[in-house]
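> below is the structure, and that's it, no one-letter string:
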């Protein structure tokens, strides 16, 4: 048997196996070429939809799945969930044009370990795959900033004692009128405290207040 062939196969077996799902065919081809240009990664499947990729991966064991968020049929978030259960050892990384917080956190909650934007440079994509290979969670810079910002909870000390009292009562679902009565203040004063609290905590609605309060 050809020694070069044997060495080539051994090298290929050491490569991390990648599956790509992207409904834009030209982008799919481009991503495939970029990934295959690396010595450490080998694209074993490239698909325009989740359905075909899921079927393919029933019989394969990919190490990394690069998946778009907006896909025909099964979308990227649902795809991440399904791959998480079907191929639990595979690491899913979303690559998308969308930078909305909702998409980001839905994808991460579904099991994705990274989130990249499609304007990523070839060397950045390879670097992201290297991060996955080494146990990291790659994110494009602007995505990482959004994630960090979300989890940066202002310290409780930034609120006054009175504001902390109002926060506790608001988090319990009490109305302005009830809080005003309990604290012996006017409703307008409670509304003023609430506006100040929202500004300090960088939120705009009660649901966000309750969520942040529960994490404080």
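In hand now; what should we look at? Just so it is clear, the model here is predicted, and its values are computed rather than measured. Residues are numbered from 1 along each chain as shown.
> pull out the buried residues from the longest helix along the chain.
Assignment by DSSP state H gives helix 187-201 as the longest helix of the chain. For helix 187-201, burial by neighbour count (16 or more other Cβ atoms under 10 Å) applies to 189-190, 193-194, 197, 201. From N, CA and C alone the C-beta is placed, and that goes for glycine too.
> now distance to residue 33 too, for these, in TSV please.
Shown next, in TSV, are the buried residues of helix 187-201 (distance: Cβ to Cβ, whole Å):
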residue	distance to residue 33
189	64
190	61
193	58
194	54
197	52
201	46
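> what's in contact with the longest helix of the chain?
Here helix 187-201 makes contact (Cβ atoms under 8 Å, 6 or more residues apart in numbering) with 153-154, 158-159, 162-163, 166-167, 170, 176-177, 179-180, 183, 204, 208-209, 212.
> local confidence estimate at residue 169?
pLDDT recorded at residue 169 is 89.
> from residue 210, how far out is it?
Going from residue 169 to residue 210 by Cβ to Cβ, to the nearest Å gives 12 Å.
> same check on residue 182?
Counting by Cβ to Cβ, the gap from residue 182 to residue 210 is 18 Å.
> more neighbours, the two?
A count of neighbours by other Cβ atoms under 10 Å puts residue 210 above the other of residue 182 and residue 210, at 16 against 13.
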